[in-house]
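> give the three-dimensional model of this entry:
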Amino acid sequence: MTFLDNLSPEDLLVLTNAIAVSLSKNKTADEINVIGNFIVGIGCLMLTIASQEQYLTILQEQYKQKNNANNKTTPEDDTIIG
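Numbers count the residues shown, from 1 in each chain. Okay, the predicted model is just below:
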């Protein structure tokens, strides 16, 4: 999605507007509602997926930090040095 990553917020707004107008052109209100609800449904599912990915990433980072904290040894703990 490199082209979306390079858009400013204003450009993204204009693009979104153009897509909405284009998809709505020559459609009845019922058809526009169906298309809109379909897109909203996709968006909700994508947000759920992203949220779960972020949650799992946080859990992995916490697990790594906990293991790193448990595996730290001081010179007194080292049987060779101390």
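
> any stretches of the chain with poor pLDDT?
In the predicted model, the chain carries pLDDT under 70 at residues 1, 73-82.

> the spatially most central residue of the chain and residue 20, how far apart?
Among the residues of the chain, the one closest to the centroid is residue 50, at 3.8 Å (C-alpha atoms, centre = their mean). Residue 50 is 22 Å from residue 20, where distance means C-beta to C-beta, to the nearest Å. C-beta coordinates here come from the backbone N, C-alpha and C atoms, glycine included.

> checking residue 57 next. Helix, strand or coil?
The three-state assignment at residue 57 reads helix, by DSSP: H, G, I helix; E, B strand; the rest coil.

> list the helices and strands the helix or strand hosting residue 63 packs on?
Assigned by DSSP states H and E, residue 63 belongs to helix 29-71. With contacts taken as 3 or more C-beta pairs under 8 Å, 6 or more residues apart in numbering; DSSP states H and E, helix 29-71 sits against helix 9-24.

> quick one: the helix it packs on to chain centroid distance?
Per C-alpha atoms, centre = their mean, to the nearest Å, the displacement of helix 9-24 from the mean C-alpha position of its chain is 21 Å.

> okay, the angle between that helix and helix 29-71?
Angle of helix 9-24 versus helix 29-71, following axes from the mean of the first three to the mean of the last three C-alpha atoms, to 10 degrees, is 140 degrees.

> just checking, what packs against helix 9-24?
Helix 9-24 packs on helix 29-71, going by 3+ C-beta pairs under 8 Å, 6+ apart.

> distance of residue 15 relative to residue 38?
Following C-beta to C-beta, the distance that separates residue 15 from residue 38 is 19 Å.

> nope, residue 28 is what I was after
For residue 28, the distance to residue 38 equals 15 Å [C-beta to C-beta].
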